[in-house]
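Enquirer: the following comprises the amino acid sequence and a computationally predicted model.
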Amino acid sequence: MPTGIPPGSLEPVLAWIDARHEAAIADLQRFCRQPSVAAQGWGMDEMADLVVEALEECGASTSLVPTAGFPVVVGRLKGAGSRHLAIYNHYDVQPPEPLEAWSSPPFEAQIRDGVLYARGVADNKGNLVARLWAVRAWRAVHGTLPCNITFLVEGEEEIGSPHLAEFAAANQELVRADACLWEAGYRDPGGAPVLYAGLKGMLYVELHTRGVAFDLHSSQAPLAPSAAWRLVAALQSLRDPDGRVCIPGFYDAVRPPTERERELMRRYPIDGETMRRLWQVERLLGSSDDPAALTEQLLFEPTCNICGLWSGYSGSGTKTILPATAGAKLDFRLVPDQDPATILDLLRRHLADQGFGDVEVIELEGSERPAQSPVDTPLMEALISSAQRVYGAAPRVLPRMAATGPMEQLCQRYGVPAIGGAGVGHPGSRVHAPDENIRIEDFILAIKHIAALLLDFAG
């Protein structure tokens, strides 16, 4: 047991959390009621100041580190033990649109039937506030923490963290730690928390096509080339109906799972039936319904996804035109050892070889390399033991998440293992969608999980 933390120290911390859960919920609502949309530059300075204030209330030595975009908030706390844990989160959120699809205003943070609805509550303010309150609980009860902690809270995760690599390279004394607790976490349909040791990377691009000089009367379609049909044909060349990417060389660098990773996926497979029911689809993509095979497909297969399409007229009623231009946004989720720059070159070469050299490819901000830490580390062990203590059940341990984040540029690049989990989400949290939500019960349990984790990691 670390010096200064007596035996039986966790129980009074958990009791303190129970006694003040209403204050923690109110604090979460305060965070969620402050808009912080990086993509729109909305409320970002105010949100960064709010994070600084919250860290100072926890006793942290806090600084606002400027970047070429939005600042990184850093909070450092000294603990009784020698181990040092970095905690990564972000204070920006996705745009709330479409506003009409929300059942209550996205920044009102309404609670209905034990569920809090707000943009960013699951991704990522609920996790951030839970971690802050776990620290607050330890310091209130014992006057110290079991281990040293550095909070690293950026404001650009939802736009691809374009300046985090520069921050990390210039501030190694802040970034270096024994391990990093990553930002995202959720409980599976059975109520078990899900832990992970890696993330996919991403390449984000736009495709633009032009046919004629301006929109034409659609009666000219027998003669006039259509930008919309040109774009559809180019997109059709990229992927087959089962999701297999058709770009030559796309899979050449893909690292297959190790036997240890396959063992975890067999032991903790995804629940495909719940996914189908929640998504309201008859079948999932792929050639097998085996849960382990579906899990490997989700976590280890790279993707080509259409995020958005536009061309011509989409208003009410009819407007008979042949559109002059068309466009699409695509994301490619990448796995180790794929490189976004290489995939971009392969995409451009493929389109040219298929006769689509006129299709313009524009790389957007948001490209990130995939990241993978070992699945067996002291932080993973501490997350498992603390989850069993708080939830009364073993967590599910998976090699990685199917999502993307700046884990490689902040952690793997500098030899810091990063593990995610201990979060507030659930399968119906609607992350990035209208009516994003968390269950209040999950929020309180996540505070307790972090509190227990700090003790187990220190020990």
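Expert: Ah, there it is.

Enquirer: any idea which helix or strand in this structure has the lowest mean pLDDT?
Expert: helix 272-279 (a mean of 89; mean pLDDT, DSSP states H and E).

Enquirer: any residues touching stretch 356-369, and which ones?
Expert: Residues from elsewhere that reach stretch 356-369, judged by C-beta atoms under 8 Å, 6 or more residues apart in numbering: 159-162, 201-210, 230-231, 233-234, 237, 329, 331, 334, 339-341, 344, 347-348, 351, 404-406, 408-409. C-beta here means a position set from N, CA and C on the backbone, and glycine is covered the same way.

Enquirer: quick one, what contacts Ala328?
Expert: Glu206, Leu207, Leu231, Leu235, Ile306, Cys307, Gly308, Leu309, Trp310.

Enquirer: mind running it again at 7 Å?
Expert: Neighbour list for Ala328: Glu206, Leu207, Leu231, Leu235, Ile306, Gly308, Leu309 [criterion: C-beta atoms under 7 Å, 6 or more residues apart in numbering].

Enquirer: would you agree Gln220 is in contact with Pro323?
Expert: No - the criterion here is C-beta atoms under 7 Å, and Gln220 misses it with Pro323 at 11.7 Å.

Enquirer: more neighbours: those two, which one.
Expert: Just comparing Gln220 and Pro323: by other C-beta atoms under 10 Å the higher neighbour count belongs to Pro323, 22 against 12.

Enquirer: so who does that one touch?
Expert: By C-beta under 7 Å, 6+ apart, the neighbours of Pro323 are Asp215, Ser226, Ala227, Ala228, Ser311, Gly312.

Enquirer: model confidence for it, exactly?
Expert: At Pro323, the model reports a pLDDT of 98.

Enquirer: roughly how far does it sit from Ser316?
Expert: Using C-beta to C-beta, to the nearest Å, one gets 17 Å for the distance from Pro323 to Ser316.

Enquirer: closest one of the contacts of Pro323 to Ile450?
Expert: Distance to Ile450, by C-beta to C-beta, is smallest for Ser311 among these, at 47.2 Å.

Enquirer: the closest one bridge partners, please.
Expert: For Ser311, the beta-bridge partners are Ala326 (DSSP bridges).

Enquirer: just Leu207 next, same as before
Expert: Going by DSSP bridges, Leu207 forms beta bridges with Ala328, Val361.

Enquirer: if we can go back for a sec, most surrounded residue in the contacts of Ala328?
Expert: When these are compared by neighbour count (other C-beta under 10 Å), Leu231 ends up highest, at 25 neighbours.

Enquirer: dump the residue contacts of it.
Expert: For Leu231, the contact set (C-beta under 7 Å, 6+ apart) comprises Leu207, Thr209, Ser311, Ala326, Ala328.

Enquirer: how about Ala326?
Expert: Residues near Ala326 by C-beta under 7 Å, 6+ apart: Thr209, Ala227, Ala228, Arg230, Leu231, Trp310, Ser311.

Enquirer: go again with 6 Å.
Expert: Counting by C-beta atoms under 6 Å, 6 or more residues apart in numbering, Ala326 makes contact with Thr209, Ala227, Ala228, Leu231, Ser311.

Enquirer: and for Ile384?
Expert: Neighbours of Ile384 in contact, by C-beta under 6 Å, 6+ apart: Pro395.

Enquirer: that one - that's part of a strand, no?
Expert: No - counting by DSSP: H, G, I helix; E, B strand; the rest coil, Ile384 is not part of a strand but helix.

Enquirer: so which strand or helix has the residue nearest to Ser385 when sequence neighbours are not counted?
Expert: When the adjacent residues along the chain are set aside, Ser385 lies closest to Asp456, with 5.0 Å between them (C-beta to C-beta, 6 or more residues apart in numbering). Counting by DSSP states H and E, the element that carries Asp456 is helix 440-458.

Enquirer: contacts for that helix next, please.
Expert: Contact partners of helix 440-458, identified using C-beta under 6 Å, 6+ apart, comprise 2, 10, 13-14, 17, 21, 81, 83, 85, 114, 126, 130-131, 133-134, 137, 146-147, 382-383, 385-386, 389-390, 422-424, 426.

Enquirer: and for stretch 109-123?
Expert: For stretch 109-123, contacts defined as C-beta under 6 Å, 6+ apart pick out 29, 32-33, 93, 96, 104, 106, 425, 429, 431, 435-440.

Enquirer: still on that earlier bit, in the helix holding Asp456, what's buried?
Expert: 440, 442-458 (16 or more other C-beta atoms under 10 Å).

Enquirer: now that helix: average pLDDT?
Expert: Average pLDDT, helix 440-458: 98.

Enquirer: is it true that Thr303 touches Arg333?
Expert: Yes - between Thr303 and Arg333 there is a contact at 4.4 Å, judged by C-beta atoms under 6 Å.

Enquirer: tell me if I am right that Met47 is in a helix.
Expert: Yes - assessed with three-state DSSP, Met47 lies in a helix.

Enquirer: got the confidence number for it?
Expert: In this model, Met47 carries a pLDDT of 98.

Enquirer: what are the neighbouring residues in contact with it?
Expert: For Met47, the contact set (C-beta under 6 Å, 6+ apart) comprises Gln34, Ser36, Tyr91.

Enquirer: same check, this time on Gln297
Expert: Going by C-beta under 6 Å, 6+ apart, Gln297 touches Gly286.

Enquirer: and it, how close does it get to Pro340?
Expert: Counting by C-beta to C-beta, the gap from Gln297 to Pro340 is 21 Å.

Enquirer: with Gly272 instead?
Expert: Plainly put, Gly272 is 29 Å away from Pro340 if you go by C-beta to C-beta.

Enquirer: cool, and Met407?
Expert: 14 Å.

Enquirer: more neighbours: the two, which one.
Expert: Met407 (31 against 20).

Enquirer: about what we covered before: any chance of the contacts of Pro323 in TSV, with distance to Ala292, pLDDT and neighbour count too?
Expert: Converted to TSV, the contacts of Pro323 look like this (distance: C-beta to C-beta, whole Å; pLDDT from 0 to 100; neighbours: other C-beta atoms under 10 Å):
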residue	distance to Ala292	pLDDT	neighbour count
Asp215	51	98	17
Ser226	44	97	22
Ala227	44	98	23
Ala228	41	98	19
Ser311	41	98	22
Gly312	44	97	16
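
Enquirer: correct me, but Ala324 touches Asp215?
Expert: Yes - look at Ala324 against Asp215 with C-beta under 6 Å: they come within range, at 5.1 Å.

Enquirer: helices of the stretch 301-450 of the chain, residue ranges please.
Expert: Using DSSP state H, counting those that start in this stretch, the helices found in the stretch 301-450 of the chain span residues 340-353, 378-391, 407-410, 440-458.
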